Structure formats: C-alpha cells, structure tokens
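Engineer: generate coordinates for the sequence data below:
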Amino acid sequence: MHRSRFVFLFPILLLSACQSNAQPVILLTAPANPTLPPSETPAPTLVPSVTPVDCMTLPGSVVTGELPTDDKPPQQFVVYLPPCYQQHTDSHFPVLYLLHGQTSTDTQWVSLGAPQAADQLIRSGKATPFIMVFPDDRYWNITAGSGFGDRLIHEIIPYIDQNFRTLTDRHDRALGGLSRGGAWAVHILLTRYDLFGSIGLHSPVIFDDDAAVLDRLMQAIPTNAWPRLWVDAGDRDGGLGKVEAFETLLTAYEIPHEWRMYTGDHTNPYWQAHVSEYLQWYADGFAAGFGQAPSATATATP
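Structural biologist: So this is what the prediction gives:
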C-alpha cells in the first residue's frame, strides 16, 4: 500500500540579537517540490473485513463415484458428506450404508430426502456429523446383481474407508435397506453381523434362500454379537406377513430390536415419511457406541 510522506514547511527563522554581539541570521528553506499538505492528501482506501462463514450452517454435499471393478457394468455409488467435512480435514466420521429397492438406483435415498434430513439433524445438534453411502444395485436381474452383497463387503466398504475419512470400528458403521435393499440387509445381518453396530430393515423383502434357513442362521449368531436392530413396515404392505414372521422369530429368540408398524404401504411416500426417524435411530447408535442395544420391543405405531 502507498504510504504518504508528510514534509513540513518551515518558515524563515530570523534570530535577532538582543545584545550588541548579535548572532547571524539562519535561513531554513523548504524543498523545491513539497508534497500536498495533509488537508489535501487523498484518503486511504478502506478494505472491509469479511466475517468467516460457519460451515455448520451450510448443507452437506452429495458426490457420485464409480468403483473400479471387473464386473460389468462397473459399481456406482453416491456419497453424502456432512457439513464441515471439507473444512475439518483432520476429522473422521461414522458411516451409514443405505441400500435402495428393486428397480430403483443409488439416488433413491437422495430422492427420499436423506441428505436434507441429515443436515437438519446435524444442525439441530440431534446428531453428530456422519457420512452416508448409497451403493447402486440397479442391475439386480443380471449376473452382476447377484454378487452385490459380496461387492459391498469386499470392495465397496474397503474402497470407501480408503478414500473418505470414515471411522472403521464396528459401532461407527451402520447398514440399512428398504424393500430389496432390506433383503440384502437381512442377508448381511445373518452372515456378516460383525461388521455393523446397527442394521435397519425398512419394509424388508427376505430372499427365498435366506428364508429357508432363517431359523438356523439366527441361532448361530452369538447372543452378545447381535447389532442394534430396527424393523418396520406399513400396515398395508403386501409383504407384511413375512416381515411379521421375521419379527416373531426375533422376539422368540429374545433378540433386542425395535419393531414399528406404521400406516402405509410399500411405496416411496411411506419411506419418505419416516426417513428422518430412520436417520435419528442410526445417529443414536453412533452416539451410544457398541453394546448399547435397546431392549426387545414390539410396538405398533399408527
């Protein structure tokens, strides 16, 4: 910045002698090109201060990705990153995997409002920031679709942990699914329960192969190894009978779980109406940590 230099103009100083031995006159002259007096100097330019924006007031971000894989077509996914993820580069976050339904894609949970619901919970302090991953299973009726469960466990989760700042302990990882995604969640619950602290089953459709051995697989899980469980369905869901039979087994084996039967059917409006409640339940699990499963309940909510 240019800094003005002020030069004072000194008048001629005349010293006269008061006695007979008078002193000589001393003459001081100003520079030939004086600067402007202060009153005529241009005012300095003021730069307004900028108030930093609190990143917690900003929405989270949604990004898309594609996992390198030998399967054709390649595995796609969508990731929700919470507010302040970009700014707090030393922080790591819990991660929730949400699986979509048959004939839908990795954007179904986004369309249901999951990112907005997460933003609201985090801003209000009802949830600590967490990441959400929405893997794609749109090719359910071809060869690539039948291997989705294995890809989720052996490829998608390791890739997410390597490329995003996730917390990798069991209680910091949760899994949920709706409809066919709920069927995958049941399958993974019965086979890889050790990977997740919470598993949510929203209007789950249980695979026939799993239904045939459901009783045996459930008995094989150690009592203290079960994750937190949530099961819900609409009272007009076409598959309600199978969901209720699954919940009856959980109750019979005294497996702690949350059971909710709401008014509704097997459609997007039903899941959208409860997406905030789902995310709050997952967030509560992250906050409680491993081993804080609720007591077994069987409640019907209108």
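Engineer: now do the helices in the stretch 151-300 of the chain.
Structural biologist: 157-163, 180-191, 208-212, 214-220, 240-252, 268-288 (DSSP state H, counting those that start in this stretch).
Engineer: only alpha carbons, please: show stretch 93-109 as CSV.
Structural biologist: What follows is stretch 93-109, C-alpha atoms only, in CSV (Å, rounded to 0.1, in the frame of the first residue of the first chain):
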residue,chain,number,x,y,z
PHE,A,93,-16.8,-39.6,10.7
PRO,A,94,-19.2,-42.6,11.3
VAL,A,95,-20.6,-44.0,8.1
LEU,A,96,-24.1,-45.3,7.2
TYR,A,97,-24.7,-47.5,4.1
LEU,A,98,-28.3,-47.3,2.8
LEU,A,99,-29.4,-49.8,0.1
HIS,A,100,-32.2,-49.0,-2.4
GLY,A,101,-35.1,-51.0,-3.6
GLN,A,102,-35.6,-53.2,-6.7
THR,A,103,-35.9,-51.3,-10.0
SER,A,104,-34.6,-48.1,-8.2
THR,A,105,-31.0,-46.8,-8.3
ASP,A,106,-28.4,-45.3,-6.0
THR,A,107,-30.3,-42.0,-6.0
GLN,A,108,-33.5,-43.4,-4.3
TRP,A,109,-32.5,-42.4,-0.8
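Engineer: flag every buried residue along it.
Structural biologist: 93-101, 104-109 (16 or more other C-beta atoms under 10 Å). Using the backbone N, CA and C atoms, a C-beta is placed for each residue, glycine as well.
Engineer: could the helices of the stretch 151-300 of the chain go into JSON lines alongside distance to residue 171 and mean neighbour count?
Structural biologist: JSON lines is the format used below for the helices of the stretch 151-300 of the chain (distance: least, C-beta to C-beta, whole Å; neighbours: other C-beta atoms under 10 Å):
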{"stretch": "helix 157-163", "distance to residue 171": "15", "mean neighbour count": "15"}
{"stretch": "helix 180-191", "distance to residue 171": "15", "mean neighbour count": "22"}
{"stretch": "helix 208-212", "distance to residue 171": "25", "mean neighbour count": "12"}
{"stretch": "helix 214-220", "distance to residue 171": "21", "mean neighbour count": "13"}
{"stretch": "helix 240-252", "distance to residue 171": "20", "mean neighbour count": "15"}
{"stretch": "helix 268-288", "distance to residue 171": "7", "mean neighbour count": "19"}
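Engineer: reformat the ones you listed as CSV; add mean pLDDT.
Structural biologist: Shown next, in CSV, are the helices of the stretch 151-300 of the chain (pLDDT from 0 to 100):
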stretch, mean pLDDT
helix 157-163, 96
helix 180-191, 96
helix 208-212, 91
helix 214-220, 92
helix 240-252, 95
helix 268-288, 97
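Engineer: got the contact list for the residue nearest to residue 253 when sequence neighbours are not counted?
Structural biologist: Once flanking residues are discounted, residue 253 sits nearest to residue 218: 6.0 Å by C-beta to C-beta, 6 or more residues apart in numbering. For residue 218, the contact set (C-beta atoms under 8 Å, 6 or more residues apart in numbering) comprises 190, 249, 250, 253, 255.
Engineer: run through the residues that contact the closest residue to residue 172 other than its chain neighbours.
Structural biologist: Excluding the flanking residues, the one nearest residue 172 by C-beta to C-beta, 6+ apart is residue 94, at 4.2 Å. Each residue near residue 94 by C-beta under 8 Å, 6+ apart is listed here: 128, 130, 131, 166, 167, 172, 173, 174, 286.
Engineer: quick one: the second one and residue 83 touch, right?
Structural biologist: So that's residue 130. No - using C-beta atoms under 8 Å, residue 130 makes no contact with residue 83, being 10.9 Å away.
Engineer: looking at the two, which is more packed in?
Structural biologist: residue 130 (25 against 20; other C-beta atoms under 10 Å).
Engineer: quick one, what contacts that one?
Structural biologist: Residue 130 touches 82, 93, 94, 95, 96, 118, 122, 282, 283, 286, counting by C-beta under 8 Å, 6+ apart.
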